[in-house]
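Engineer: Task: produce atomic coordinates for the following.
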Amino acid sequence: MSVSASVPAQNQGNTVSSSAHSRDAVAKASDSARSAAGPVLCLLGASDVALFGLTPAARLIRQFGRAGITRVITADDLATHSGPVIAVRADAAIDQPLVQYLAEHPDFILTQDPERMRPLAVHLTHGDAAAVEQALESTSEPAASPTGIRRGAPADLDVTFWSALRKREVPYALTVSRSNARAVEWRMFMGTYKGATDIVTKHLWPVPAFWVTRWIAPLGVTPNMITTLGAAMVVAAFFLFLEGHFALGLAAAWMMTFLDTVDGKLARVTLTSSKWGDIFDHGIDLVHPPFWYIAWGLGLGAAGLPLADGVLLWTLVLIFGGYVLQRIMEGIAIKALGLEIHIWRPIDTLFRQVTARRNPNLVILTASVLVGRPDLGLLAVAAWTIICLVLHGIQLAQALLAARRDGPLVSWMRKPVTSP
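Structural biologist: Alright, predicted model coming up:
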């Protein structure tokens with residue numbers, strides 16, 4: 001009896017042991033599957049403050065979605081979660097490069113600034129409620145961080161060069177409240193600007209474009225709507241120039257350039273940019289300027305200030321040819337050097353502000369209309385185009401020689417800031 005009784009007991013123990021091993025194996029397999037699927041996003045707390053029509057939480061969900069993290073869990077889900085997780089304060093405004101950095105760097109705490117070291121987000125390889133709470137409520141001293149967890153503020157990370165926007169800038173990581181919402185919006189808005197652009201876009205349009213963008217964003221206006229309106233202004237300016245109505249044409253042209261600023265900023269601050277929108281916007285920007293100059297030249301006759309046929313022909317040839325050749329040079333730089341020529345050296349970025357592109361040329365044409373000589377304005381655009389073409393040629397030759405002598409070129413924006 002004792003033996004027979006012992007046999008079932010032994011079998012029962014083996015069964016329990018087998019079940020435990022099976023559960024452990026399932027748990028490990030589940031953890032492995034969660035790790036392979038990447039981290040989930042968990043937003044902690046709440047904020048109803050709107051930034052360009054989006055709450056910080058809605059913005060963060062879109063941003064992390066762009067970084068490939070689409071699964072979102074609640075704070076309650078953390079109690080049973082053990083896989084990788086990115087936990088973020090729901091009142092945080094975090095720049096896209098930092099979102100990407102968080103997605104790619106596990107066991108890292110993002111802080112608001114190096115002085116207070118206030119945690120805003122954490123990426124944990126194995127995250128549960130207790131671990132996340134410990135990470136986000138750690139004190140200002142780095143030593144207080146959980147073991148094995150790095151921490152850093154935006155300025156500590158190597159994310160100051162933005163190739164897409166051709167600029168060097170420390171990205172922002174801020175908490176949002178009603179008292180600072182407008183300041184945060186302004187910081188976000190200015191963060192969407194390119195580092196190498198023309199003088200009008202860089203210095204004249206930011207303030208009015210900010211207020212227009214802030215006004216239309218909550219209304220559901222899309223960037224493509226603004227681009228379409230801009231395209232209508234392109235056509236209107238063309239026909240007004242053609243008829244010799246230069247002042248009205250310039251009003252339409254300047255409105256187009258303003259809308260060209262607004263549509264891009266609206267797309268970035270609302271995270272609604274699309275591949276088609278990018279093609280639509282940049283396609284219009286690339287194609288229309290030469291047609292404006294042609295219409296301007298033909299419209300001089302209607303305005304009673306015609307250029308001689310030979311002079312008009314060569315003026316338009318120089319403008320059109322110079323425009324195309326400058327674009328070709330920029331393409332050669334990208335292809336041969338792997339570098340946008342306007343961000344090689346600080347002087348190249350400065351030159352981009354005034355080089356013979358649409359907005360600087362419109363400044364010249366506007367000045368000519370103000371003094372009543374639109375004919376001289378077109379001649380001045382031709383002269384400035386040739387001057388810039390020569391300067392671009394020198395610039396490209398210097399870059400090619402430098403690359404041959406020293407190896408691959410590096411943008412000045414990528415280089416570390418040196419103390420004086």
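
Engineer: Which segments of this protein make up each domain?
Structural biologist: 32-191, 196-406 (automatic domain parsing).

Engineer: Just the residues contacting stretch 224-244, thanks.
Structural biologist: Residues outside stretch 224-244 that contact it (Cβ atoms under 8 Å, 6 or more residues apart in numbering): 216, 246, 248-250, 252-253, 255-256, 259-260, 262-263, 266, 274, 276-277, 280-281, 284, 288, 291-292, 295-296, 298-304. To be clear about C-beta, it is placed using only N, CA and C from the backbone, and glycine gets the same treatment.

Engineer: By mean pLDDT, show me the worst of the domains of the chain.
Structural biologist: Lowest mean pLDDT within the domains of the chain: domain 32-191, at a mean of 86.

Engineer: what's the offset of it from the middle of its chain?
Structural biologist: With Cα atoms, centre = their mean, to the nearest Å as the basis, domain 32-191 stands 18 Å off its chain's centre.

Engineer: And stretch 212-224, by the same measure?
Structural biologist: With Cα atoms, centre = their mean as the basis, stretch 212-224 stands 17 Å off its chain's centre.

Engineer: Please type out the PyMOL selection for whichever of the contacts of stretch 224-244 turn out to be buried.
Structural biologist: With 16 or more other Cβ atoms under 10 Å as the burial test, the buried ones among these are selected in PyMOL as follows:
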select buried, resi 216+246+249+250+252+253+255+256+259+260+262+263+266+277+280+281+284+288+291+292+295+296+298+299+300+303
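
Engineer: Out of the domains of the chain, which gets nearest to residue 414?
Structural biologist: domain 32-191 (4.8 Å; Cβ to Cβ).

Engineer: Redo the domains of the chain as JSON lines? Include distance to residue 414.
Structural biologist: Formatted as JSON lines, these follow (distance: least, Cβ to Cβ, whole Å):
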{"stretch": "domain 32-191", "distance to residue 414": "5"}
{"stretch": "domain 196-406", "distance to residue 414": "9"}
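
Engineer: mind checking which of those is nearest residue 412?
Structural biologist: Using Cβ to Cβ, the nearest of the domains of the chain to residue 412 is domain 196-406, at 5.4 Å.

Engineer: What is the end-to-end distance of that closest one?
Structural biologist: The first residue of domain 196-406 is 24 Å away from its last residue (Cα to Cα, to the nearest Å).

Engineer: Name the surrounding residues that touch stretch 188-195.
Structural biologist: So stretch 188-195 is in contact with 51-52, 93, 95, 162, 165-169, 171-172, 201-202, 206, 209-210, 213-214, 264-265, 268-269, 343, 349, 413, going by Cβ under 8 Å, 6+ apart.

Engineer: tell me the SS of residue 127?
Structural biologist: Three-state assignment for residue 127 (DSSP: H, G, I helix; E, B strand; the rest coil): coil.

Engineer: quick one: the helices in this protein?
Structural biologist: 2-37, 56-66, 96-104, 129-136, 181-190, 199, 206-216, 223-242, 246-269, 275-302, 309-337, 346-352, 358-370, 374-406 (DSSP state H).

Engineer: Compare these and give me the one nearest residue 156.
Structural biologist: Closest among the helices of the chain, once you apply Cβ to Cβ, is helix 96-104, at 10.7 Å.

Engineer: I'd like to know which elements that closest one is packed against.
Structural biologist: Where contact means 3 or more Cβ pairs under 8 Å, 6 or more residues apart in numbering; DSSP states H and E, helix 96-104 is packed against helix 56-66, strand 85-89, strand 108-111, strand 119-124.
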